[in-house]
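Q: Whatever this is, show me its structure:
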Amino acid sequence: MKTHVLLILLTLVAAGLLSCGSVSSRVDETSAVVPETEAAVDPAKLQTAVFAGGCFWGVEAVFEHTRGVADARSGFAGGSAKSATYDDVSGGSTGHAEAVEVRYDPEKISYEQLLEIFFTVIHNPTELNRQGPDVGPQYRSAIFYVDEGQKKAAEAYIAKLTEAKAYKDPIVTQVAPLDKFYEAEAYHQDYARKNPKDPYI
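A: This next block holds a predicted model:
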């Protein structure tokens, strides 16, 4: 029941019917999700996944409220260290995407479940180089895999959605190897939680 309530709230966010700030307060009220802390799990058990699905503030906020996720950090992937700053990336010419590094406990949530959240709650995977009002390759839909297992799982999940005709338009999500994740500036971390009254949020 609690999980069902969260899924409804997150679906409303994806549909633009509820702001991220509202979800934060609602989640606290319903106790639908208890974010994990790194102290609650053995750090040696944690695995890493990296997703890009538009503005990293919202992507981070959703994954931080996902049971089994120990930590989610906003940052950049796809480009080089020289251009891994928000000012550079926001210009759209660095090769980077705004991305989120998710550290999760595979005994509590699987990579496939993270993919399900990414595709059904986080963003619209059929929008090329944009998400809603945010336009440019830095807002592209991408999965940056850390190993062959993640690559195969991501490609299989996309193939399953395509075969099921889950979307009326083709999925344009890029599946690419993660060269390196670059953490964004401190003021971007936990932005939705810290700035619930920001009109953008």
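Q: okay, CA-based contacts and neighbour counts for the rest of this
A: OK.
Q: Tell me which helix or strand the spatially most central residue of the chain sits in.
A: Central residue of the chain (Cα atoms, centre = their mean): residue 59, 3.6 Å from the mean position. Using DSSP states H and E, residue 59 maps to helix 56-64.
Q: Return the set of buried residues in that helix.
A: 56-64 (16 or more other Cα atoms under 10 Å).
Q: what about residue 52, distance to residue 156?
A: With distances taken as Cα to Cα, to the nearest Å, residue 52 is found 18 Å from residue 156.
Q: So the two - more neighbours on which side?
A: Neighbour tally, residue 52 and residue 156, criterion other Cα atoms under 10 Å: the higher count belongs to residue 52, 31 against 13.
Q: quick check, residue 71 in a strand?
A: Yes: checked against DSSP: H, G, I helix; E, B strand; the rest coil, residue 71 lies within a strand.
Q: Looking at the longest helix seen in the chain now, give me its mean pLDDT.
A: If you go by DSSP state H, the chain has its longest helix at helix 148-163. Confidence over helix 148-163 (mean pLDDT, whole number) is 98.
Q: in it, what's buried?
A: By 16+ other Cα under 10 Å, the buried positions in helix 148-163 come out as 150-151, 154, 157-158.
Q: With stretch 95-108 instead?
A: If you call a residue buried by 16+ other Cα under 10 Å, then stretch 95-108 has these buried ones: 96-105.
Q: and what of stretch 78-93?
A: Result for stretch 78-93 [16+ other Cα under 10 Å]: buried residues 78-79, 83-85, 89-90, 92.
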